[in-house]
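J.: the sequence isn't on hand, but the structure is:
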């Protein structure tokens, strides 16, 4: 069971803190950039045409540090939203 979302993240906005859930997350960047923080110790900056996978039981948060909207395909399992 997968949940697929098309997310549009305005500049200088994000998840408002870290969260966890069961399953896995996969992200594909269509436009812009996005910071993904895992367990408050690892930061990955994703850019257009890059993908990223992680286990959802790790604390994770995200943020758009750019000056333009980020457009993201975000898939997680099981559906949580």
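T.: Sure thing, it's come through. Just so it is clear, the model here is predicted, and its values are computed rather than measured. Numbering: from 1, shown residues only.

J.: got a list of what the nearest residue to residue 27 once chain neighbours are set aside touches?
T.: Spatially, and ignoring its direct neighbours in sequence, residue 27 is nearest to residue 52 (4.7 Å; CB to CB, 6 or more residues apart in numbering). Heads up, the C-betas are built off the backbone N, CA and C, glycines and all. For residue 52, the contact set (CB atoms under 8 Å, 6 or more residues apart in numbering) comprises 26-27, 36, 44, 46.

J.: would you mind measuring from the closest residue to residue 73 other than its chain neighbours to residue 1?
T.: Closest residue to residue 73 apart from its sequence neighbours, by CB to CB, 6+ apart: residue 28 at 4.4 Å. Using CB to CB, to the nearest Å, one gets 19 Å for the distance from residue 28 to residue 1.

J.: so if I had to pick from those two, which one is more boxed in?
T.: Counted by other CB atoms under 10 Å, residue 28 and residue 1 do not tie: residue 28 has more neighbours, with 15 against 7.

J.: surely the more buried one meets residue 72?
T.: Yes: taking CB atoms under 8 Å as the definition, residue 28 is a contact partner of residue 72 at 7.0 Å.

J.: can you tell me which residues contact residue 17?
T.: Counted by CB under 8 Å, 6+ apart, residue 17 has contacts residue 61.

J.: on the three-state scheme, it is what?
T.: coil (DSSP: H, G, I helix; E, B strand; the rest coil).

J.: same check on residue 49?
T.: Strictly by three-state DSSP, residue 49 counts as coil.

J.: what about it, how many neighbours?
T.: So residue 49, with other CB under 10 Å, has 9 neighbours.

J.: dump the residue contacts of residue 76.
T.: 2-3, 21, 23-26, 56 are the contacts of residue 76 under CB under 8 Å, 6+ apart.

J.: no more questions from me, cheers.
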